[in-house]
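1. coords below, sequence missing:
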């Protein structure tokens, strides 16, 4: 069973039909929507501000989700993939977004819907990531437009695939 800890009077809230890996950690003011999966060694630490995660979102192995004390909460939308080793900190991730492996999204950044942050990229503080594009690099810059094929073939496909993978672990 995942490590779920109340802190400062706040209990993590977990929606219906979620998979939480045995080594996932949820602390404090964390709210997770329905049909989500939180994978091995992922940490959602809602100790200094809240973390809200929408529906059908997957937070993969070794990802870290945190916030900034009394300043920058973390809001994550629906059908979001936060890949292995990513760091999402005090920012807003809208719907249908893929945050690549080992990518970093920093305080007060807004990642608009239908975007990809490429693996290893760093979205710096207060950056607005425009909807419909792939961003890559350090700092992350717009590199190409997202086609419908890329949107459906990667962002939505991966979010749906993780619902299937999670079902294997619930049996």
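-> Happy to help now that I have it. It should be emphasised that the depicted structure is a prediction, and the values quoted were computed from it without experimental measurement.
2. would you list every one of the helices in the protein?
-> Taking DSSP state H, the helices of the chain run over residues 148-150, 157-170.
3. Rebuild these as TSV, extending it with mean pLDDT.
-> Below are the helices of the chain laid out as TSV (pLDDT from 0 to 100):
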stretch	mean pLDDT
helix 148-150	85
helix 157-170	94
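4. Adding mean neighbour count, write those helices out as a markdown table.
-> For every residue, glycine as well, the C-beta is placed using N, CA and C. As requested, the helices of the chain are arranged in a markdown table below (neighbours: other CB atoms under 10 Å):
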| stretch | mean neighbour count |
| --- | --- |
| helix 148-150 | 11 |
| helix 157-170 | 14 |
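5. looking at those helices, which is closest to residue 13?
-> Closest of these to residue 13 is helix 157-170, at 18.2 Å (criterion: CB to CB).
6. Tell me which residues are up against the closest one.
-> With contact meaning CB atoms under 8 Å, 6 or more residues apart in numbering, helix 157-170 is reached by 18-19, 21, 35, 37, 56-58, 60, 79-81, 96, 98.
7. and if you look at stretch 127-136?
-> Here stretch 127-136 has contacts from 94, 106, 109-118, 121, 123, 139-146, 150, using CB under 8 Å, 6+ apart.
8. Is it possible to mark the buried ones in those residues?
-> 94, 106, 109-118, 121, 123, 140, 146, 150 (16 or more other CB atoms under 10 Å).
9. Among the residues you listed, name the ones in strands.
-> 110-111, 115-117, 123 (DSSP state E).
10. ok, back up a step: neighbour count, distance to residue 47 and pLDDT added to the contacts of helix 157-170, as TSV?
-> Output for those, formatted as TSV (neighbours: other CB atoms under 10 Å; distance: CB to CB, whole Å; pLDDT from 0 to 100):
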residue	neighbour count	distance to residue 47	pLDDT
18	19	21	97
19	20	23	97
21	19	20	98
35	22	26	97
37	25	22	98
56	24	26	97
57	27	21	98
58	26	23	98
60	23	22	98
79	23	27	97
80	27	22	98
81	26	24	98
96	22	29	96
98	29	27	97
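11. what's the most distant pair in those residues?
-> Maximum distance among the contacts of helix 157-170 (CB to CB): 23.6 Å, for 21 and 96.
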